[in-house]
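>>> one predicted model, sequence on top.
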Amino acid sequence: MLDGVLGLPLHPLVVHAVVVLLPLVAVGVIALTVRPAWRPRLALPLLGLLAVAAVSAIVAMLSGRSLAERVGTPVQHEQLGTLLAVTAVAYLLLAGYWLWWVRRAEKEPTTPQNATGWVASIASVAVVALTIAVGHSGSSAVWAHWMVEAPATDPTPAASPSAVSSASSPASTPPSTTTPAPSAAPTSTVASLYSADMLADHATAEDCWAVIDGNMYDLTDWIALHPGGASRIEALCGTDATAAFTGQHDGQPNPAEALSRHLLGPVG
C-alpha cells in the first residue's frame, strides 16, 4: 500500500520530512526550555510540526519495507528506521505533552514545567543523533557501492625508442619472407586464471573471494560497505555464493551492479 507515488518510490520522498522536521522540532524544544518567553508563540506550531514528523517517521518505516521487497533489505538501515519511528512516537508523547502544557502565557513558569522541559531537551538531543544515524545508514545503502574507487587503468604504453626510430627511418632491407614456424594454438588465459581451488586461500575478511554464477569476485572492499552489514559478506568468503546471492537479490539491478564492480574473471 505504501509503495509509490506519481511513479516514484514513496520512501525517499517522505524521509525528507523526517530528517528535516524532527531535528527542527528538537532544536525548538531546547530553545523554549531556555527561553520561556517564547513558549506562548512557538509551542503550538512546534507541536504541529512534531505530529507531522512522527507520522512521517511511521510512513517512512512502512514504505521502506515495501521498497526493500524490490531492491533488497539494508539490515542496519531497517533496524535504525524502525527504532526512529518508535522513538518519534515516544518523543511526541513527551515533548508534545510539554508543548501543550506550556502553550499559555504565564507570569512565572512552574518548576514541574521547567523540569519536564529539560527532560524533553535531553530527549531532543537523542532524537537528533538517531535521525543522523538513520540518514547516514540510508545514504550508505544507496550510494556506498557507487563510491568504491574504480581500479586505475594503465595508460596506453608509449612506443619504445627503437620502434619509433624504425618506423621513422626508410626501410633499408625488404621485410623477411621467412615463414614462421607454426606455434601451438593459443589458449585462453582468462579461463585458466581462476579456479574453485583458489577459494581456500581467500576465505577471510581480509582477503575475501567468492564464486557467483561461475565468476570469481574479490569482495574484500565490499565487506565494510555492504548495506546489510559486514557479516553477510564475511559468511560468503571462500565459498560458492551463487545460491545465497540469488536467494537475496535475484532480479534486483542495484545489487547486480554493485557486484559487477568486484569481478575478477570467470572460473575455469
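Received the coordinates, thanks.
>>> OK, contacts around Ala244?
235-236 (C-beta atoms under 8 Å, 6 or more residues apart in numbering). C-beta: built from backbone N, CA, C; applies to glycine.
>>> distance check, it against Leu259.
Counting by C-beta to C-beta, to the nearest Å, the gap from Ala244 to Leu259 is 12 Å.
>>> same check, this time on Leu46
46 Å.
>>> which of the two has more neighbours?
Leu46 (24 against 20; other C-beta atoms under 10 Å).
>>> in the protein, where is pLDDT below threshold?
Under the criterion pLDDT under 70, the flagged ranges of the chain are 1-10, 67-75, 141-192, 228.
>>> can you list contacts of the longest strand that it contains?
The strand spanning the most residues in the chain, taking DSSP state E as the definition, is strand 207-212. Strand 207-212 is contacted by residues 196, 198-199, 201-203, 216-220, 223, 233-234, 236-242, 245, 259, 264, 267 when judged by C-beta under 8 Å, 6+ apart.
>>> check which residues of the helix or strand hosting Val18 are buried.
For Val18, the host element (DSSP states H and E) is helix 10-34. Within helix 10-34, the residues that qualify as buried by neighbour count (16 or more other C-beta atoms under 10 Å) are 10-11, 13-15, 17-19, 21-23, 25-26, 28-30, 32-33.
>>> stretch 233-252 now?
233, 236-241, 244-245, 249.
>>> ok, now stretch 37-55?
In stretch 37-55, counting by 16+ other C-beta under 10 Å, buried: 39, 42-43, 46-47, 49-50, 53-55.
>>> from these, which ones fall inside helices?
Judged by DSSP state H, those include 39, 42-43, 46-47, 49-50, 53-55 as members of helices.
>>> quick check: the farthest pair among the residues you listed?
Pairwise distances across those (C-beta to C-beta) peak at 23.7 Å, for the pair Arg39 and Val55.
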